[in-house]
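1. Whatever this is, show me its structure:
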Amino acid sequence: MNYNLRLYNIFSSLMVTVMLVCDALSLKVVTIFGFNFSASGLIFPLSFFLACIVTEVYGYDLAGRIIWIQMLCQAFFILTVNLFVLLPSNTTQILTPFLYLNLYENFWRILIASSISVPLAYFTTDFVMSTLKIRGGGRFFLSRYIIANICGKLIIVSISYPINFHGQLSVNEIFYLCLNTFIYKMIIAFFIMPLAFFIARLVKNIEKLDFYDYGVSYNPVLVFNSSKKGKNLYSENINRSKK
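-> Residues are numbered from 1 along each chain as shown. Sure, this is the predicted structure:
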């Protein structure tokens with residue numbers, strides 16, 4: 001695809017930023033009105049929100065590239081933090097090394113959990129958005145947005161939270177943490193759904209792009225391949241809406 005993309009890098013940067021913020025808060029449990037939530041789960045709906053818009057406008061391949069960029073940035077972030085936390089510190093700051101170690105000693109769990117759950121969740125979300133868009137002829141955005149969110153968020157909470165909190169919370173506590181956070185995520189997804197529809201249309205108009213993944217391979221490994229498959233139907237859809 002050879003398009004003059006004005007906003008794609010902004011979406012990429014935002015999604016990477018959200019991912020790293022969620023990593024930093026992954027082991028924090030927040031209690032609101034007596035219900036326990038993963039702190040990262042309270043922020044993560046923004047990432048799925050952005051992912052759905054990117055897939056809707058730019059197509060599966062460009063959305064998939066952001067996923068791998070997220071994974072690379074995340075791995076660098078977590079491994080770097082773990083390395084420097086474990087390095088010896090011969091200073092008079094007795095508490096500082098201990099506090100860092102206490103805070104990040106289980107940070108490796110996040111890398112394992114995310115390496116499994118994030119690609120599965122995001123590529124599933126993108127696949128659902130892409131295939132339902134083709135089958136519906138570009139209609140029913142709100143329906144595919146909700147279905148994609150349900151699939152992606154179920155994968156995230158069912159894989160990442162049990163790994164992150166294994167040995168720290170009981171099985172029962174982890175179950176309700178997953179359930180509460182999933183319900184919260186879906187409520188947020190439902191309420192911001194009109195905003196997703198509005199922003200997707202706005203970005204399409206700015207980019208002059210409305211990509212349909214006709215004949216595109218859904219193999220996550222191939223998203224960086226230059227493919228001439230798929231089609232930009234922005235002009236056709238604009239003309240159709242004027243009739």
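2. Name the residues of whatever helix or strand Ala148 lives in that are buried.
-> Assigning secondary structure by DSSP states H and E places Ala148 in helix 141-164. Residues of helix 141-164 classed as buried: 141, 144-146, 148-157, 159-164 (neighbour count, 16 or more other Cβ atoms under 10 Å). Where you see a C-beta, it was placed from the backbone N, CA and C, and this is true even at glycine.
3. Packing partners of that helix?
-> Using 3 or more Cβ pairs under 8 Å, 6 or more residues apart in numbering; DSSP states H and E as the contact criterion, the elements in contact with helix 141-164 are helix 39-43, helix 45-58, helix 107-135, helix 171-191, helix 193-207.
4. among these, which is the most enclosed?
-> helix 45-58 (a mean of 25; mean count of other Cβ atoms under 10 Å).
5. So Val30: helix, strand or coil?
-> When the structure is split into helix, strand and coil by DSSP: H, G, I helix; E, B strand; the rest coil, Val30 lands in strand.
6. contacting residues around it?
-> 36-39, 42 (Cβ atoms under 8 Å, 6 or more residues apart in numbering).
7. Try it again at 7 Å.
-> With contacts taken as Cβ atoms under 7 Å, 6 or more residues apart in numbering, Val30 has the following neighbours: 37, 39, 42.
8. Throw those into JSON lines and include distance to Ile199 and pLDDT, thanks.
-> Output for the contacts of Val30, formatted as JSON lines (distance: Cβ to Cβ, whole Å; pLDDT from 0 to 100):
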{"residue": "Phe37", "distance to Ile199": "26", "pLDDT": "82"}
{"residue": "Ala39", "distance to Ile199": "25", "pLDDT": "82"}
{"residue": "Leu42", "distance to Ile199": "21", "pLDDT": "84"}
